[in-house]
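Q: take a look and give me a structure for this.
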Amino acid sequence: MEDFSPMNLATDTQAESSYVEGQQRFFRCPVQESDGHAIIRIGRRKIKAIVQETSIEGFTVTVKPKHAARIQVGGPWELNYDGARIEVHPQWIFNSPDGHVQLGLRRLRDLTKPEPIRSSWLVRFGGGRFDDPSNAAVAFGGFVLALFAVLASPGLGEKLGTSSRIQSTFQWLASGVSHQMDQWF
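A: As a prediction, this is how the structure comes out:
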C-alpha cells in the first residue's frame, strides 16, 4: 500500500534536500507568486522578496538579483508578509544561475502587535480593560438594589402596594444582622 502523506507526495527536491536525519519533517505549503510579496528588513534596509513556501518552522523566499547584493548575514531579520511582522533568522542561501537568491528563513517569533480589546463605553469610563465576572456581579447587585429602592419609595411603592412589604422585610433583615453582630461583639 502506498503512503500518501504530504512529504511523500512532495516533488520539490529542495524540500527533500533540506531534511536532516533526526529532524522531524514539516509540510511545506507553496505560495502563489501573486500572494507572496514580502519585505525583509535587515537593519535599516528594506529588501523586496517573494515568499515561495511557508511551513511551521519558517519560510523559503527569493530575492531579485539587484537586491541580492544588499543581503547581510548576521543577526535576526524582520519579515513583513501578509500583514504580519515575524522575526526570522537566515538558515541557508542559494544563488541560482539566473542571479536570483533563494533564502531559507527560520521563524523565531511573531512581532505583530495584537489588536486592542474592544469594549463598551461603560468599561471605558470605569477603567477596566479585561473581562472580570465580579464587575458584572456588582452591576447586577446595584441594579437590584436600585429596583428595590424604587419599589420601596413612598410615591410609587405605595401605589403598587410594595412599599410596606419591602420596608418590613428590610427592617426584619436589619434586626437579624444587628442581633448577630450583638452576639459576636
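Q: residue contacts, Pro90?
A: By C-beta atoms under 8 Å, 6 or more residues apart in numbering, the residues touching Pro90 are 73, 77, 103-106. Quick note: C-beta positions are derived from backbone N, CA and C, even for glycine.
Q: report the buried members of those.
A: For these, a neighbour count by 16 or more other C-beta atoms under 10 Å gives the buried set as 77, 103-105.
Q: from those residues, which two are the most distant?
A: Trp77 and Gly104 (12.0 Å; C-beta to C-beta).
Q: let me see the ranges of the helices in the protein.
A: 6-9, 13-17, 65-68, 121-126, 133-152, 154-160, 163-184 (DSSP state H).
Q: could you dump the ones you listed to TSV with mean neighbour count?
A: Below are the helices of the chain laid out as TSV (neighbours: other C-beta atoms under 10 Å):
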stretch	mean neighbour count
helix 6-9	11
helix 13-17	12
helix 65-68	14
helix 121-126	10
helix 133-152	11
helix 154-160	12
helix 163-184	10
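Q: can I get those in TSV with distance to Gln32 and mean pLDDT?
A: Below are those laid out as TSV (distance: least, C-beta to C-beta, whole Å; pLDDT from 0 to 100):
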stretch	distance to Gln32	mean pLDDT
helix 6-9	18	40
helix 13-17	17	42
helix 65-68	21	85
helix 121-126	42	58
helix 133-152	46	82
helix 154-160	69	83
helix 163-184	70	87
